[in-house]
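Chemist: No letters, just coordinates:
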């Protein structure tokens, strides 16, 4: 039976088709007009972030706005390679597309990611037609990624990059929170400074990530993603303007990158929001990396690990023959087995590493050999014993001792049955060192070994491509309590989520269980003391993103102590992350989900405060929560912790009282 279409309905359909036609036509015309006017526009899927590109006197310039407000105005994009400045003479027709980054992370703060984005590829030709570079821009709802694709260069086969400059022209009175470094050779450890941009000195070298707070409480963090076969990026201030700069090849200052055409830069990432928690929740950095390259990930088991070096290799008086031997490792392995701690780390004893080495301190000597344990230590025996107890074994190694023997060392470690390692003292991120790190990751995966980089630069999202990268240091952390007169303050701790952690997993030497008031702190190489409360320490396991959490203290410091049950239970990888409340440099409240369970962690600076934590992030249902909070006398007895149980629903609000340098934790389970 046919159905008649009324004249009214027909006219409505015709009108709708006309409106649709004119919308599409106007959209196309807008892009063509913008292109014709030497201006290319691209907006985020929610249309809150807008990027524009145009030429001003043959120089590429970009502008960014957020919710109609200017973030960066006429920032410059400049390149110099093969001994010539890349002067743009022609912009070819841009290529637009939109898509969704959808994937699962093996290790991460979020398990399932689904992020829509829009992209434009802008082909740029040198004014003499001697070189071509594509500028690629991707915009997500919480930020922007930009990268270069070097297509050709003046008839040469090889790329020699001397400079890549991106300037950031933020509004007046923008505040920077940054780590200022003395030079490019650095462990990336130091105290963050807070300053308006105009007060920063010319010539400084700013580490990434750096957080910028614009007037009107809009936040823009700058970092990079997918650092592969390239030099690490920094920000400098020159003649009052912030510009990027690259770490040069060792031994000179002019050459930054050597490669064959075609070649790609890492992504230059700008995280943007008026809610600072959105920057912490963002998955842009992994979005901009290649998919997982490890087919079989069943052997990858993120978790927590001992690290006896931090506590000074404390052992019970009754233990026979302490040292780099089996009984010393057995003591810590048994502790791990009793408490379901996944890994034990073999590091050193008596300030001598576990492997044969004739160097001074921990630096490798001419006969250093990380494939051979010191006399009296049978690594196969240690690994076999640990395996019988359900515990994995890891080792510490200096990169310069490991790298010359990379293949033979990894083959030997696999034969022993090691699970992974800490690779330390890299202290550079020039292209050569970046390639060394990535080669270590790739080859370690072939031998079923996970990697923890120490004395290294920030992560750039490679744990999506190589999920055996569990964590990186690259931040001043609790190890300094072993030798620093003042110790590491909670005022430093609270800066990390808003700066270094924006780049990803952050190793911090967690687990010190001997907190003292500031007036009683003293440096101790063995059994180090801590500032901040025990509740603060527990909350750091939730606040920090770290896929290989440390349990740094010695067994007797933990067993039987209030709060240790939480360390045993807290995961290191997550299915979901939400920032419930935060104020930069003052406090943060983070909720992370693993399966059906939620873990909430809150920390504060030296200022005591009351926080109202709303449970509306919970799915509908009834829950029971174990709550850990500072006791009322935490200012004089910072190890005192109050542990209670409470029934919860999504309608509840929890009043969380945090002492000076305090913390608050909840472990929430469905009832």
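Modeler: Perfect, I can see it now. For clarity, every value in this text was computed on a predicted model and none was experimentally measured. Numbers count the residues shown, from 1 in each chain.

Chemist: Please count neighbours and contacts with C-alpha atoms only from this point.
Modeler: OK.

Chemist: How about residue 328: what's its closest non-neighbour residue?
Modeler: residue 322 (5.5 Å; C-alpha to C-alpha, 6 or more residues apart in numbering).

Chemist: how much space between the one you found and residue 285?
Modeler: 44 Å (C-alpha to C-alpha, to the nearest Å).

Chemist: More neighbours: which of those two?
Modeler: Neighbour totals were compared for residue 322 and residue 285, and residue 285 leads with 27 against 19 (other C-alpha atoms under 10 Å).

Chemist: other SSEs contacting the host helix or strand of the more buried one?
Modeler: Secondary structure here is read from DSSP states H and E; on that basis residue 285 sits in helix 284-287. Contacts defined by 3 or more C-alpha pairs under 8 Å, 6 or more residues apart in numbering; DSSP states H and E place helix 284-287 against strand 218-225.

Chemist: Name every strand pairing with the strand it packs on and say which way it goes.
Modeler: strand 210-214 (antiparallel), strand 267-273 (antiparallel) (DSSP bridges).

Chemist: show me the contacts for the residue nearest in space to the middle of the chain.
Modeler: For the chain, the residue nearest the mean C-alpha position is residue 504 (1.5 Å; C-alpha atoms, centre = their mean). When contacts are counted by C-alpha atoms under 8 Å, 6 or more residues apart in numbering, residue 504 touches 458, 459, 460, 461, 545, 546.

Chemist: Could you check how far the strand ranked longest in the chain is from the centre of its chain?
Modeler: What stands out as the longest strand in the chain, according to DSSP state E, is strand 112-126. Taking C-alpha atoms, centre = their mean, to the nearest Å, the mean C-alpha location of strand 112-126 is offset from the chain mean by 22 Å.

Chemist: Stretch 381-389 now?
Modeler: How far stretch 381-389 lies from its chain's middle: 32 Å, per C-alpha atoms, centre = their mean.

Chemist: cool, and stretch 82-94?
Modeler: Using C-alpha atoms, centre = their mean, the offset of stretch 82-94 from its chain centre is 33 Å.

Chemist: Same check on stretch 329-336?
Modeler: On C-alpha atoms, centre = their mean, the centre of stretch 329-336 falls 30 Å from the chain's centre.

Chemist: So that it lines up with my notes, have the first residue be 55 from now on.
Modeler: All set: I'll call the first residue 55, so the last point we hit is now stretch 383-390.

Chemist: Pull the residues that contact that stretch.
Modeler: With C-alpha under 8 Å, 6+ apart as the criterion, stretch 383-390 contacts 360, 369, 396, 397, 398, 400, 436, 439, 440, 443, 445, 609.

Chemist: In ChimeraX, how would I select the buried members of those?
Modeler: Selecting only the buried entries of the contacts of stretch 383-390 in ChimeraX, with 16 or more other C-alpha atoms under 10 Å as the criterion:
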select :360,369,396,397,398,400,436,439,440,445,609
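
Chemist: which one of the contacts of stretch 383-390 sits closest to residue 640?
Modeler: Using C-alpha to C-alpha, residue 360 comes nearest to residue 640 of these, at 30.2 Å.

Chemist: so what's the closest one up against?
Modeler: Counted by C-alpha under 8 Å, 6+ apart, residue 360 has contacts 386, 390, 395, 397, 398, 399, 604, 605, 606, 607.

Chemist: Can you pick out the ones from the residues you listed that are in strands?
Modeler: Judged by DSSP E, strands contain the following of the contacts of residue 360: 397, 398, 399, 604, 605.

Chemist: Now render these as a markdown table, adding distance to residue 538.
Modeler: As requested, the ones in strands among the contacts of residue 360 are exported to a markdown table (distance: C-alpha to C-alpha, whole Å):
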| residue | distance to residue 538 |
| --- | --- |
| 397 | 28 |
| 398 | 26 |
| 399 | 24 |
| 604 | 20 |
| 605 | 21 |
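
Chemist: Now render those as TSV, adding distance to residue 96 and pLDDT.
Modeler: TSV is the format used below for those (distance: C-alpha to C-alpha, whole Å; pLDDT from 0 to 100):
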residue	distance to residue 96	pLDDT
397	47	98
398	50	98
399	49	98
604	43	98
605	47	98
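
Chemist: Touching, the residue nearest to residue 382 and residue 368? I think so.
Modeler: No - Residue 376 is beyond contact range of residue 368, at 9.5 Å (criterion: C-alpha atoms under 8 Å).

Chemist: low-scoring stretches of the stretch 505-654 of the chain, by residue?
Modeler: The model of the stretch 505-654 of the chain has no residue with pLDDT under 70.

Chemist: That one: strands as residue ranges?
Modeler: With DSSP state E, counting those that start in this stretch, the ranges of strands along the stretch 505-654 of the chain come out as 523-526, 602-605, 630-637, 641-648, 651-658.

Chemist: Could you save the ones you listed as a markdown table and add columns showing mean neighbour count and distance to residue 699?
Modeler: A markdown table is the format used below for the strands of the stretch 505-654 of the chain (neighbours: other C-alpha atoms under 10 Å; distance: least, C-alpha to C-alpha, whole Å):
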| stretch | mean neighbour count | distance to residue 699 |
| --- | --- | --- |
| strand 523-526 | 28 | 33 |
| strand 602-605 | 28 | 25 |
| strand 630-637 | 19 | 21 |
| strand 641-648 | 23 | 18 |
| strand 651-658 | 26 | 14 |
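
Chemist: Tell me which of the ones you listed lies nearest to residue 197.
Modeler: Of all those, it is strand 630-637 that lies closest to residue 197, at 17.1 Å by C-alpha to C-alpha.

Chemist: From the rest of the structure, what touches that closest one?
Modeler: Contacts of strand 630-637 with the rest of the structure, by C-alpha under 8 Å, 6+ apart, involve 163-165, 330-332, 334-335, 642-648, 667-668.

Chemist: Pass me the low-pLDDT residue ranges in the protein, would you?
Modeler: Counting by pLDDT under 70, the low-confidence segments of the chain come to 55-92.

Chemist: ok, now with 50
Modeler: For the chain, residues meeting the criterion pLDDT under 50 lie at 55-64, 67-68, 72, 74-91.

Chemist: can you give me phi and psi for residue 355?
Modeler: When read as degrees, to the nearest 10, the backbone of residue 355 gives phi -130, psi 90.

Chemist: now do residue 349
Modeler: With angles defined as degrees, to the nearest 10, residue 349 sits at phi -70, psi -50.

Chemist: That one: neighbour count?
Modeler: 6.

Chemist: sorry, back to before: which one of the contacts of stretch 383-390 is nearest to residue 419?
Modeler: residue 400 (19.8 Å).

Chemist: What residues does the closest residue to the closest one other than its chain neighbours make contact with?
Modeler: Nearest non-adjacent residue to residue 400, counting by C-alpha to C-alpha, 6+ apart: residue 449, 4.7 Å away. Listed by C-alpha under 8 Å, 6+ apart, the contact partners of residue 449 are 399, 400, 401, 472, 474, 475, 476.

Chemist: List just the nearest of those residues to residue 236.
Modeler: Nearest to residue 236 among the contacts of residue 449, with distances taken as C-alpha to C-alpha, is residue 476, at 25.4 Å.

Chemist: That closest one: neighbour count?
Modeler: 21.

Chemist: just residue 234 next, same as before
Modeler: For residue 234, the count of nearby residues is 22 (other C-alpha under 10 Å).

Chemist: who's in contact with residue 324?
Modeler: 197, 198, 199, 274, 275, 276, 277.

Chemist: In JSON lines: the residues you listed, plus neighbour count and distance to residue 313.
Modeler: Shown next, in JSON lines, are these (neighbours: other C-alpha atoms under 10 Å; distance: C-alpha to C-alpha, whole Å):
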{"residue": "197", "neighbour count": "27", "distance to residue 313": "29"}
{"residue": "198", "neighbour count": "27", "distance to residue 313": "26"}
{"residue": "199", "neighbour count": "23", "distance to residue 313": "22"}
{"residue": "274", "neighbour count": "25", "distance to residue 313": "31"}
{"residue": "275", "neighbour count": "24", "distance to residue 313": "29"}
{"residue": "276", "neighbour count": "23", "distance to residue 313": "25"}
{"residue": "277", "neighbour count": "27", "distance to residue 313": "23"}
